[in-house]
Structures are given as structure tokens and as C-alpha cells.
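In: Structure of the sequence below:
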Amino acid sequence: MNNKELQERKAKVFARGQGNAYPVFVKEAKNAELWDVEGRRFIDFGTGIAVCNTGHSHPKIIKAVTAQIENFSHTCVMVNPYEVAVELAEKLTKLAPGDSEKKAIFVTTGAEAVENCVKIAKAHTGRRGVIAFNGSFHGRTNLTMGLTGKIAPYKKSFGPFPGDIYHVPFPASTYDATIDDSLKAIKNLFKVDIEPNDVAAIIVEPVQGEGGFYSTPTKLLQELRKICDEHGIVLIFDEIQSGFGRTGKMFNAEYSGVEADLMTMAKGIAGGYPLAAVVGKSQIMDAPIPGGLGGTYGGSPVACAAGLAVLEIMEEEDLLNRSVQIGDLFNARLTALQSKFPDLIGEVRNKGAMIAMELTLDGDLQKPNTDLTKAVISKAEEFGLILLSCGFNSNVIRFLPALTISDELANEGLDKFEELFTSLVG
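Out: Next comes the predicted model:
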């Protein structure tokens, strides 16, 4: 069965809303490479959207998962719990930034983690409102779509969304907004739309993911912490895409020194197995009554076993430092490419191995080059690459290589990318 035949079969049984970036059906994946059903090899610069930070099919994860499956695959952690979940929660509560005593819950997806953060914040405060940022992405459930700060494709045709959600500008050059703009907008909300003592939570990504890989300035995080402390608001950090070594720290918030009240974890947490978590200050986490939080598959023993293996791999292979090295390598190569095409590549930026290249017209960040971005993504298959795009204006190429990728393979992939890019722009 070839890719074309499989794509035709898929189109007949999958709703068109759950599309696929490439008509490339994977047969095997190892570390930072994958092979399709036709035997073609690809260098993977997407890692399943920052999920396989430890690479595809890491032997240590395979061993841990196999051992767990031989014992049991599911009992439901809310019915009959198990040690692997307890051990992983112990480790995550210690790894979460800040000195406060913490507790955790496990769910299955990042959207569930965000939704449970809001539930916990509302239970703790008894309030209704939530403030989020323009350009943010927090998930695809009704509530998390409401929090997401971009319409197409995430929110188009899916409303109405929950009330009492408010958006403010995010400080980035693409949005033509500053930190002061963000803070003034929050103050304005407090005067015009909702009193601060009626706001349950402010949610922010320390690095905007789908929004374009813009780092949230430390000053803004510090000011948000002050606002939340002053008014009894819960501060939520969404670290779903930026966590587990992706930015060179276990969690990107460590760069700022600001401690959230609640934080989300997912994607890189379990090496490709479905798992997500909320970790937060104990007194806030304990606000919901017993039975108020949970889910049938949340904290799967198989996924928890994989999660423990991920933490071992990250320590043994020093993947936090490796993330920084990878980021430096990509930044140097892409900056060199930018010097050749300054009108088309408006900016190259990275935090560790969370790397972005923003495509523009005339080198102007206010003039997004969405057509070129689409062309790069669509042609990547021809050059044996898996690439992803993102951005508020859909004009950012994002690079999310496995933290286990070798310099040799990274450079090979970047050679292919340069060849691809040059073939499109001359």
C-alpha cells in the first residue's frame, strides 16, 4: 500500500477537519528520522509537535513501556492507583519551578490540563473570569478554544464559546504591542469589563507556541505575578509546548524566576504516550472536592512508565544542555540564511531547541509572507524533511528537532532546508 492509496482511504473515513500536513504515512521512526510506507527517509524537524523530545522509539522508553504492559495496562488511577503514577507525581512536583509545596493531577491531553487549571482556579477563588493573551493557543475543547487568541483554524465555526473570557495584547513585534500595552489593557479590563476581584485566573504561555515562538518578557511575567498577588488571582503558566527541556530548561519559566500558581505539562512529558498534568501550589490544587477532578485514562500506567523513563533519559543524556547546543546550531545556520535573504526572512529566534524563522515581505515583520510559508511546508516532502509552521499570521517556520538529534543529522537536515528554501526564492 503506497501513500496515495492510504491517503485516499483516509479521506473516506476521516472527517476533513482532522487533516494531515503531509500525505506521508509512517512505517518506522527512530530518533530524529522516520521512514514512510514506500521506504523513503525523512529527517523529522517536528517530532510530532514537540512531543518526542527524547526522539522516536528511545530504547529506554520501549523497555519501560513493555515492562508495564506485561503487568497491566489500565485500572483507572481513580479506582485502583499504582506506584508509577505516584512516583511520577513526586518527581514532577519537585521539578516544577518555585519553592512552594506542590501537588499534581494527571489527565490525557494538554487541553484537559488547561481546562482543569481553570476549574481549579475557579474552585479556589470562587470567581468567574479568565484573562488570556492575543495569539495564544490553549487547546481545542470549547473552553480552551475560548481561551485561544486566534480564530482560524482553531475557533472558526465552533462558537459560541464560554463567557467571562477576556483577551489582552501580547508584547511582540509582530503584534505591534509592548509590555506597557499589555499591562494597560489589563488595567482597562478591570475598569470596563470585569473587576479584578471577579477574575479567577490569568493564563499565559512563557513562550507562545502556535502563536509563533515568541518569548514572554520576564518583566511582563513579573508584573503579572504582582497583579495576581495583589488581587488574589491565580497565575497559570501553560508550558505544554515549551516544557521538558525544549527551551534549554526543564520549564521555560525558570529563565524568569517567576513561580506560577498552576502550570500545565504535556507533549514532551512521556515520549509520545498520551499524558498530561497540572502541577501547582498545594492549597490551590486541593480546592476541588474529591471526585471533582479526573478522567478515565488520565495517568495511564503505561504513559506514566514512559514519563519516568523520559526523566531518566533527560538526566543521563544531559538533554537540557543539548537543547541549548541544538538551538545555537540552528540559530547560526538560519541566521546565515537570513543574511542571504533579508527581505524574506524577517527574524530568526530561539529559546533552546524551540526555533523559529519568520517569513516576511521587504523584511518587515508587519508584512507576513504567508504564501512563501505555505510553499516551504508543502515542498518539504520533496527534500526529505518534516517541517511545521505556526504564527498569528501563519508565516513562521518552526523547528522542533529531537533533543537527541546528532549535529551531523541536524546539519544534513539544514542543508536540505537551505536547498529547499533557495529553490523557491532563487
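In: and stretch 175-192, which residues are buried?
Out: 175, 177, 179, 182-183, 185-186, 189-190 (16 or more other C-beta atoms under 10 Å). Where C-beta positions appear, they are placed from N, C-alpha and C, glycine not excepted.
In: Now, those residues that are in strands?
Out: Applying DSSP state E to the buried residues of stretch 175-192, no entry is found in strands.
In: Using pLDDT, spot the least trustworthy of those residues.
Out: Lowest pLDDT within the buried residues of stretch 175-192 is found at Y175 (86).
In: Pull up the gap between it and S256, please.
Out: From Y175 across to S256, the span is 20 Å (C-beta to C-beta, to the nearest Å).
In: quick one on the thing from earlier: redo the buried residues of stretch 175-192 as TSV? Include distance to A11.
Out: What follows is the buried residues of stretch 175-192, written out as TSV (distance: C-beta to C-beta, whole Å):
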residue	distance to A11
Y175	36
A177	40
I179	46
S182	43
L183	48
A185	43
I186	45
L189	44
F190	49
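In: hmm, which two among the residues you listed are most spread apart?
Out: Within the buried residues of stretch 175-192, Y175 and F190 form the most distant pair, 21.2 Å apart (C-beta to C-beta).
In: can you pull out the strands in the stretch 151-300 of the chain?
Out: Taking DSSP state E, counting those that start in this stretch as the criterion, the stretch 151-300 of the chain carries its strands at 165-168, 199-204, 234-238, 262-265, 276-281.
In: how far does the last one sit from the chain's center?
Out: Same thing as strand 276-281. Remark: strand 276-281 is offset 15 Å from the chain centroid, using C-alpha atoms, centre = their mean, to the nearest Å.
In: How about the fourth one?
Out: Relative to its parent chain, strand 262-265 has a centroid offset of 12 Å by C-alpha atoms, centre = their mean.
In: Report the mean confidence score over that strand.
Out: For strand 262-265, the mean confidence score works out to 98.
In: Which neighbouring elements make contact with it?
Out: Packing contacts for strand 262-265, counted by 3 or more C-beta pairs under 8 Å, 6 or more residues apart in numbering; DSSP states H and E, involve helix 110-125, strand 234-238, strand 276-281.
In: now the nearest residue to A277 once chain neighbours are set aside: how far from M357?
Out: Nearest residue to A277 in three dimensions, chain neighbours excluded: M265, at 4.4 Å (C-beta to C-beta, 6 or more residues apart in numbering). Going from M265 to M357 by C-beta to C-beta gives 27 Å.
In: buried set for stretch 94-103?
Out: Buried residues in stretch 94-103 (16+ other C-beta under 10 Å): 95-98, 102-103.
In: Stretch 156-172 too?
Out: So stretch 156-172, judged by 16+ other C-beta under 10 Å, has buried residues 164-172.
In: got it, and stretch 221-230?
Out: Buried residues in stretch 221-230, defined by neighbour count with 16+ other C-beta under 10 Å: 221, 223-225, 227-228.
In: so how far is it from its chain's centroid?
Out: Remark: stretch 221-230 is offset 23 Å from the chain centroid, using C-alpha atoms, centre = their mean.
In: And the helices in the stretch 201-350 of the chain?
Out: With DSSP state H, counting those that start in this stretch applied, the stretch 201-350 of the chain shows helices at 218-231, 282-285, 301-316, 319-340, listed in chain order.
In: Select, out of those helices, the one closest to F45.
Out: It's helix 319-340; of the helices of the stretch 201-350 of the chain, that one is closest to F45 (C-beta to C-beta) at 9.0 Å.
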